[in-house]
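Asker: Only the shape, not the letters, is given here:
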């Protein structure tokens, strides 16, 4: 199994992507800053996929495009996503977790600033 060495770098790349939902089932088009467009499916949290070069060669992709789609989906539910290198660090957050190939995402209710 391949692991992502720099979780924070992937998370930052995800923030630079723009996401368009394709339907209500969890399919998205993710637009990379490079101009590439990738198809992402996050409908099954145990098997998220992307058709980018990384995603095609790594099951349950932890690429920036999948992370961007998860962030978009969770934002629609008024939730914010955080990234962690290890499962134990993510579990310490006591919040819903998405375990991808090399990156662990946690979803928390978004904070409202007064």
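Answerer: Sure, I can see it. Fair warning: this is a prediction, and the values are worked out from it, not measured in the lab.
Asker: in this structure, which spans are helices?
Answerer: 7-15, 53-57, 64-76, 87-91 (DSSP state H).
Asker: Can I get these in JSON lines including mean pLDDT, distance to residue 109 and mean neighbour count?
Answerer: For every residue, glycine as well, the C-beta is placed using N, CA and C. JSON lines is the format used below for those (pLDDT from 0 to 100; distance: least, Cβ to Cβ, whole Å; neighbours: other Cβ atoms under 10 Å):
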{"stretch": "helix 7-15", "mean pLDDT": "88", "distance to residue 109": "19", "mean neighbour count": "17"}
{"stretch": "helix 53-57", "mean pLDDT": "88", "distance to residue 109": "29", "mean neighbour count": "15"}
{"stretch": "helix 64-76", "mean pLDDT": "95", "distance to residue 109": "10", "mean neighbour count": "23"}
{"stretch": "helix 87-91", "mean pLDDT": "91", "distance to residue 109": "16", "mean neighbour count": "14"}
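Asker: what about these, which gets the closest to residue 23?
Answerer: Among the helices of the chain, helix 64-76 comes nearest to residue 23, with 12.3 Å by Cβ to Cβ.
Asker: all strands of the protein, in order?
Answerer: Assigned by DSSP state E, the strands in the chain fall at 18-21, 27-31, 37-41, 49-50, 79-84, 97-99, 104-109.
Asker: Any idea how many residues pack against residue 106?
Answerer: 21 (other Cβ atoms under 10 Å).
Asker: Can you tell me the closest non-neighbouring residue to the spatially most central residue of the chain?
Answerer: Closest residue to the average C-alpha location of the chain: residue 67 at 1.6 Å, with Cα atoms, centre = their mean. Distances taken as Cβ to Cβ, 6 or more residues apart in numbering place residue 14 nearest to residue 67, at 3.8 Å, with adjacent residues excluded.
Asker: how close does the one you found get to residue 70?
Answerer: 8 Å (Cβ to Cβ, to the nearest Å).
Asker: ok, now residue 80?
Answerer: Relative to residue 70, and taking Cβ to Cβ, residue 80 is found at 11 Å.
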